[in-house]
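Asks: this one's sequence-less:
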C-alpha cells in the first residue's frame with residue numbers, strides 16, 4: 001500500500017496619489033506580490049509534478065475548485081497511470097478547493113474508499129501538517145534550495161522549482177515515508193497527544 005500525498009504551495013488595487021499638479025491621478029499598484037501556485041503529489045517511489053496553476057493565456061493563477069479538479073483530471077490521473085503504483089491511497093489536506101463536494105466526488109470515483117481527506121471516506125484532520133510529508137518535508141526542502149540564487153523573475157523561480165523537485169531521488173522519498181510511518185505510530189501509541197519536536201534525518 002503506497003500513500004500519495006497532494007499539496008498545492010493577485011489582485012491589484014487602485015489608490016489615489018497626492019499630487020499638486022493633478023490630484024486625480026491614479027496609479028495601479030499590486031496589492032500582493034506576484035506568485036506561483038505549484039502542486040505536487042508525493043509517494044515513496046517518486047513525485048508527480050510540479051504542476052503550476054495557469055490560465056488559458058499562461059498567466060499564473062490561484063487555485064479554486066474548478067482549477068483543482070482540472071489538474072486532477074488532466075494532469076494527475078494521466079501521470080499516475082504512468083507510475084508503477086499498486087494499492088495506492090490518496091491523502092490530501094483540508095483546503096476548500098480540495099474538499100468541495102464536486103472534488104470529493106471526483107476523487108471517490110477515482111480512488112473509491114482509498115481517499116484520506118476531510119469529508120472523504122477516511123476523514124483526515126484539516127490541520128495536521130506534522131503528519132503530511134509535503135508539509136513537514138517537501139515544501140521546506142524545496143524552499144531551502146530554490147531561493148539560493150535569488151531568482152528575480154517568476155519564470156526563474158518556476159525553473160528552480162522544477163529543477164529541485166526533479167532532482168529529488170526515490171531513496172530520499174523512502175526515508176520520508178519511513179518517517180511518516182514513525183509519526184503515525186507515535187500518534188497511535190500516544191492516542192493522539194501532541195508530538196514532541198521530531199528531527200527529520202535524511
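Replies: Okay, I see it. What you see is a predicted model; the values in this text were computed from it and never measured. Residues are numbered from 1 along each chain as shown.
Asks: can you confirm residue 152 is in a strand?
Replies: No - with DSSP: H, G, I helix; E, B strand; the rest coil as the criterion, residue 152 is coil rather than part of a strand.
Asks: what's around it, how many residues?
Replies: Counted by other CB atoms under 10 Å, the residues lying close to residue 152 total 8. Any C-beta I mention is one placed from the backbone N, CA and C, and that applies to glycine too.
Asks: now it: phi and psi?
Replies: Phi and psi for residue 152, reported as degrees, to the nearest 10, are phi -100, psi -10.
Asks: quick one: residues contacting residue 99.
Replies: With contacts taken as CB atoms under 8 Å, 6 or more residues apart in numbering, residue 99 has the following neighbours: 117-120, 126.
Asks: which two among those residues are spaced furthest apart?
Replies: Of all pairs drawn from the contacts of residue 99, the one with the largest separation by CB to CB is 120 and 126; the distance is 11.4 Å.
Asks: so these two - more neighbours on which side?
Replies: Each of residue 120 and residue 126 has its neighbours counted (other CB under 10 Å); residue 120 has more, 21 against 15.
Asks: does that one touch residue 105 like I think?
Replies: No - the pair residue 120 / residue 105 is not scored as a contact, 10.3 Å apart, by CB atoms under 8 Å.
Asks: quick one: common contacting residues for those two?
Replies: Residues touching both residue 120 and residue 105 (CB under 8 Å, 6+ apart): none.
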